[in-house]
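Asks: Curious how this folds, go ahead:
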Amino acid sequence: GAVSLTVIPSSGPAPLNGVSLRASVGDPAGWKYYYYFFCNSPNAPAVPPGGSNPPFSNNGSELATSSTTANYSNCNYPSAGTYTGRTAVLKYQGSDPFSTGAWFVSSNWRQATKTVTVQ
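Replies: Take a look at the predicted model:
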């Protein structure tokens, strides 16, 4: 299944604070996920991240959940401009994506973006 991202609100006057990024995956039950959120990431971070701890700087994450949705509500945009909210989601089965090797398979990662416009 694919991942989708919703941004609430997606536009407003500066400063635009407390913007919520909500990721949703379209998978049947039985999967687990690592969700990562980026308030402004116009360029896709490389996945899989190297090592046992992700080197990319995420604004917030909800780790090792079986929930098909996750939310991060702390994006702040202080000045006018166009920003790119992003989520990167790892899909895996089993207790640990590192010991099963799921972390290191790029096809287990999915990303989605949404534009945030600040006037």
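Asks: okay, and for this structure, where does confidence drop off?
Replies: Applying pLDDT under 70 to the chain flags the ranges 50-57.
Asks: mind checking the longest strand of it?
Replies: Using DSSP state E, we find that the single longest strand of the chain is strand 81-92.
Asks: what about the strands in this protein?
Replies: 3-8, 11-12, 16-25, 32-38, 60-65, 69-77, 81-92, 109-118.
Asks: and among those strands, the most buried is which?
Replies: Ranked by mean neighbour count under mean count of other CB atoms under 10 Å, the strands of the chain are led by strand 32-38, which reaches a mean of 24. For the C-beta atoms, the positions are set from N, CA and C on the backbone; glycine is no exception.
Asks: could you dump the strands of the chain to CSV with distance to residue 100?
Replies: As requested, these are exported to CSV (distance: least, CB to CB, whole Å):
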stretch, distance to residue 100
strand 3-8, 20
strand 11-12, 41
strand 16-25, 18
strand 32-38, 10
strand 60-65, 12
strand 69-77, 21
strand 81-92, 7
strand 109-118, 14
